[in-house]
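>>> A structural model of the following input is requested.
(one chain, ligands or ions: 1)
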Amino acid sequence: MLQIKNLVKSFPGGVRAVDNVSLHVAPGDIYGFIGHNGAGKTTTIKCVTGLYDFDEGEIYVDGKSVKEDPMACKMVSAYIPDNPDLYDHLTCMQYLNFIADIYRIPKEPRAEKIKYYADILELSSRLGEPIGAFSHGMKQKVAIIAALLHEPKLLVLDEPFVGLDPKAAHIVKQLLADMCQKGGAVFFSSHVLEVVEKLCNKIAIIKKGKIIVSGLTEDILKDESLEDLFLELTDNE
Ligand SMILES: Nc1ncnc2c1ncn2[C@@H]1O[C@H](COP(=O)(O)OP(=O)(O)OP(=O)(O)O)[C@@H](O)[C@H]1O
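Got it, this is the predicted structure:
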């Protein structure tokens, strides 16, 4: 569903933020992407979602090249950034309709889906309010609903659990697991190692732009905790 091959991305001034990264996220995978601050997670994610151009390598979403066929990639995927900057002047319902229009979701399933997700994320009574009046966690929930409306095959999230209360985090984990059970794929970055360890069937650790370990969680961890492994692999400079 997501294939990253030998990705290289440098910034002006010579920072090689992503250095020959290769990853494969298959249908049904919940793939956790972890690393220290500045390791290259967000840069990789922004290359995958088409927000950054990249210097070398290839990225394929559902078999389509992000460089050559960006629209096709966007139609089957969704991205939730670490900071949900939505349109503050729109009401929650106006925003969700705007996103649904972009993905050409017909009126009837659209209304049903908005109701379904708003109910489980406890936003139903706030749909008519402007997003500008929402808390960070509420904006995060709106971004999650907007991302799920078109039933993406691939969902990419940057730090999805920051700002969510424990109940909302639990529901979002359930939504991600449901999506993967139906054959979708999830790729997300996180610093919450306990969540990654429990939720993800695959994990990659990135350090200074390079992948230092990747694969099935059970193969990587064996009897160790993810925290111990992470500290062991990333602490030595
Ligand atoms: N727009 C930019 N211009 C220049 N350098 C950048 C830019 N964005 C990121 N970098 C650099 O690229 C490297 C990787 O940053 P990135 O944001 O991908 O890290 P991260 O793993 O997401 O970190 P965090 O966990 O803190 O969010 C860092 O050295 C950072 O300073």
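>>> And the strands in the chain, which stretches?
Secondary structure of the chain by DSSP state E: the strands cover 2-11, 15-25, 30-34, 56-61, 64-65, 77-80, 154-158, 185-189, 202-207, 210-216.
>>> can the lowest-mean-pLDDT helix or strand in the chain be found next to the ligand?
Lowest mean confidence among the helices and strands of the chain (mean pLDDT, DSSP states H and E): helix 226-235, at a mean of 90. No - under the criterion of CB under 6 Å from any ligand atom, helix 226-235 makes no contact with the ligand; the nearest approach is 11.4 Å. Every residue, glycine included, has its C-beta placed from N, CA and C.
>>> Same check on stretch 207-222?
No - for stretch 207-222, no contact with the ligand is found by CB under 6 Å from any ligand atom; the gap never falls below 6.9 Å.
>>> Contacts for that stretch, please.
For stretch 207-222, contacts defined as CB atoms under 8 Å, 6 or more residues apart in numbering pick out 16-23, 32, 35-36, 39-40, 197, 200-206, 226, 229, 233-234.
>>> Going through the residues you listed, which ones are buried?
The neighbour-count criterion (16 or more other CB atoms under 10 Å) marks 16-19, 21, 23, 32, 35, 39-40, 197, 200, 202-206, 226, 229, 234 among the contacts of stretch 207-222 as buried.
>>> returning to that earlier point: now the angle from the least confident helix or strand of the chain to strand 202-207?
Calculated by axes from the mean of the first three to the mean of the last three CA atoms, to 10 degrees, helix 226-235 forms an angle of 30 degrees with strand 202-207.
>>> Any idea which residue is closest to the centre of the chain?
What sits nearest the mean C-alpha location of the chain, by CA atoms, centre = their mean, is residue 157, with 1.5 Å.
>>> bridging residues for the closest residue in space to that residue that isn't next to it in sequence?
Closest residue to residue 157 apart from its sequence neighbours, by CB to CB, 6 or more residues apart in numbering: residue 188 at 4.0 Å. Beta-bridge pairing for residue 188 (DSSP bridges): residue 32, residue 157.
>>> who wins for proximity to residue 129 among the strands of the chain?
strand 77-80 (20.5 Å; CB to CB).
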